[in-house]
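>>> No sequence on hand, only this structure:
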């Protein structure tokens, strides 16, 4: 009965706080009249903004800033935790432990390879991940600068390369004339603190936005603490009606501790993982009647330091200091040279570097001087619209991306698509090949970790994923929409270490896998003040021990605006039992650890009001309302019922 009492107390305290804030404002209104905000015509869609099909027959899922606020998301995992086809793992309420699966995203069964990963992560199209071990570090990807998160669940060679799936954070931009400032403060269970502030403006041809955020928590267990800090900014200038320039920067500094398996002795804890990033990019954009595009140059560098790791020598710990660096250029132009036709051309050039240093507690040291890869990948695609886009229409498309790598053989990635529609009801079908090159991890292992591998990494090929997809998207009258997508993935040439016998061990492309699945989403607007969402993801992997690939996931959400300026947001998720832990790159590796199924329910109650130019929103959010026992890794229990309350002031 304890959790029921906690829920009742949380809601009572939260409601009292919200009514108290409104009451205090009303009292102040004797001199400053209060304007109660009226509900918007249609409330925001819950969980996701929607699935977008482009003119090349491919689809992405978009989660907007509004959805992230409704979910009370504090990081990328909580922003995407209800997105169909996405599975998450974590150890701590704040911060991702990057040395294992203590903070990770998995998309349709992809992303569990560590070292190495099939998913690449981007900010404003710029790569942000740990180059040495070739996998994402989620604390490097704060959601505070993002106006939206784009999830690409399949290879899309006309959008990105050297990855089988991708997540991209789209930076915020001030789009309306005038100035905007906002401050958000929140406090919750486990001494969790969240603060964010920003200011921006658009004046004529110039726009800018500067902001920062801070989060920390003691965690729900010993050694489950974490901290995240970031600063970011964007500035843009419209040169004339055809040309504009912009610059974006992001800095962050974070840490997360490993709480260890429940009951494990302190000497078995995996220590602390610290991450830091400094990203800079500059973009030149053009828009003409017959063409539009951009050229972007960038630098993305930082650190991922794994501290206080236990070693095989009793009493000796190691600190591993990893440095990563990416820089390059992305050029893209789409031409409209004939009626209904689109010709897309692009070129990506990327340099990847990394090195590390190890310091042992006994005073000894080791280091790896590093290595670098260059990838040049031009691409082109063409699509043609036949018919009337507002009526019956058919849009066939085809394209290809070419990869020229400094250390591995060249590859081709073709794709083709077809969209057939009547108005907004569209059937889309596509095929695409994904290409994923080995990362710096294969060099590190050959030169430092397993020297017996020698130069066998140089004989590796890129991994390939052949993806087929067919889907239907349709409005159901004025108040509902539905998306259904079926897909088939066939992966080949996954690189692994093949151990003896015979000696020595070698790198080889010997593993294949297959994933079949269906995703469906339904969004309903029963009235102007109520929106509901339901999504289901069904996955069938082969081999069956593919980690973080639950057979069934169900996502639910709802937003309800009531009274004057009040909003109730509810989200829930059922996740089937699943195999967990990273998918090791050894030919003999088998994943045997599993976690049970669970259903989580969260809710957020908020109220808005205005005093002249000040708009305020106060909220109380409750996570894991039913106090479910669940975990993403055996022995790592996640928080029970927990509460957060806060206020946002915009002016």
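Right, received. Where do you want to start? Keep in mind the model is a prediction, meaning the values are calculated, not measured.

>>> Distance from the chain centre to the helix or strand harbouring residue 51, please.
Element membership of residue 51, judged by DSSP states H and E, is strand 50-53. Relative to its chain's centre, strand 50-53 lies at 16 Å (CA atoms, centre = their mean, to the nearest Å).

>>> What pairs with that strand, parallel or antiparallel?
With DSSP bridges as the test, strand 50-53 is paired with strand 59-64 (antiparallel).

>>> What mean pLDDT does the partner strand get?
For strand 59-64, the mean pLDDT works out to 97.

>>> Can you name the next helix or strand after that strand?
Sequence-wise, the next helix or strand downstream of strand 59-64 (DSSP H and E) is helix 65-70.

>>> And that next one, what does it pack against?
strand 146-152, strand 566-575 (3 or more CB pairs under 8 Å, 6 or more residues apart in numbering; DSSP states H and E). C-beta coordinates here come from the backbone N, C-alpha and C atoms, glycine included.

>>> Give me the contacts around it.
44-49, 79, 143, 146-149, 172, 557, 559, 567, 569, 571, 604 (CB atoms under 8 Å, 6 or more residues apart in numbering).

>>> And the helices in this structure?
With DSSP state H, the ranges of helices along the chain come out as 2-28, 65-70, 76-80, 441-444.

>>> Give me the buried positions along the shortest one.
Buried residues in helix 441-444, counted by 16 or more other CB atoms under 10 Å: 441, 442, 443, 444.

>>> OK, contacts around the third one?
What that stands for is residue 443. 371, 457.

>>> any idea how far it is from residue 134?
10 Å (CB to CB, to the nearest Å).

>>> list the buried ones in stretch 158-177?
158-172, 174.

>>> Measure how far it is from the centre of its chain, please.
Between the centre of stretch 158-177 and the centre of its chain there are 11 Å (CA atoms, centre = their mean).

>>> Then stretch 269-278?
19 Å.

>>> which residues touch it?
Here stretch 269-278 has contacts from 96-100, 102, 128, 137, 139-140, 223, 249-260, 300-310, 317, using CB under 8 Å, 6+ apart.

>>> tally of neighbours for residue 622?
Neighbourhood size, residue 622 [other CB atoms under 10 Å]: 23.

>>> Show the pLDDT at it.
Residue 622 carries a pLDDT value of 98.

>>> Look up the residues forming beta bridges with it.
Under the criterion used (DSSP bridges), residue 622 bridges to residue 603, residue 643.

>>> Kindly confirm whether my reading is correct that it touches residue 603.
Yes - at 5.5 Å, residue 622 counts as touching residue 603 under the criterion of CB atoms under 8 Å.

>>> So for stretch 356-371, mean pLDDT?
Here the average pLDDT along stretch 356-371 is 96.

>>> Quick one: low-confidence residue ranges for the chain.
Scanning the chain for pLDDT under 70 picks out 1-42.

>>> could you redo the last one with a cut-off of 50?
Low-confidence segments of the chain (pLDDT under 50): 1-41.

>>> before we move on, the earlier item: of the contacts of helix 65-70, buried ones?
Among the contacts of helix 65-70, those scoring as buried are 44-49, 79, 143, 146, 148-149, 172, 557, 559, 567, 569, 571, 604 (criterion: 16+ other CB under 10 Å).

>>> For residue 598, grab the count of nearby residues.
17.

>>> What's opposite it in the beta bridge?
residue 575.

>>> Test my guess that it contacts residue 628.
Yes - between residue 598 and residue 628 there is a contact at 5.5 Å, judged by CB under 8 Å.

>>> how much space is there between the residue nearest to residue 186 when sequence neighbours are not counted and residue 215?
Computed as CB to CB, 6 or more residues apart in numbering, the closest residue to residue 186 that is not its neighbour in sequence is residue 646, at 2.8 Å. As defined by CB to CB, residue 646 lies at a distance of 12 Å from residue 215.

>>> which residues are common contacts for those two?
By CB under 8 Å, 6+ apart, the residues touching both residue 646 and residue 215 are residue 194.

>>> Contact partners for residue 44?
64, 66, 67, 70, 531, 559.

>>> Pick the one among these closest to residue 333.
For the contacts of residue 44, the residue nearest residue 333 by CB to CB is residue 64; the value is 27.2 Å.

>>> The closest one and residue 49 touch, don't they?
Yes - when contacts are counted by CB under 8 Å, residue 64 is listed as touching residue 49 (4.3 Å).

>>> ok so, going back, pull out the buried members of the contacts of stretch 269-278.
96-100, 102, 128, 137, 139-140, 223, 249-260, 300-307, 309-310, 317.

>>> hey, what's the closest residue to residue 367 other than its chain neighbours bridged with?
Counting by CB to CB, 6+ apart, residue 367 lies nearest to residue 357, which is 4.3 Å off, once chain neighbours are set aside. Bridge pairing for residue 357 (DSSP bridges) gives the partners residue 321, residue 367.
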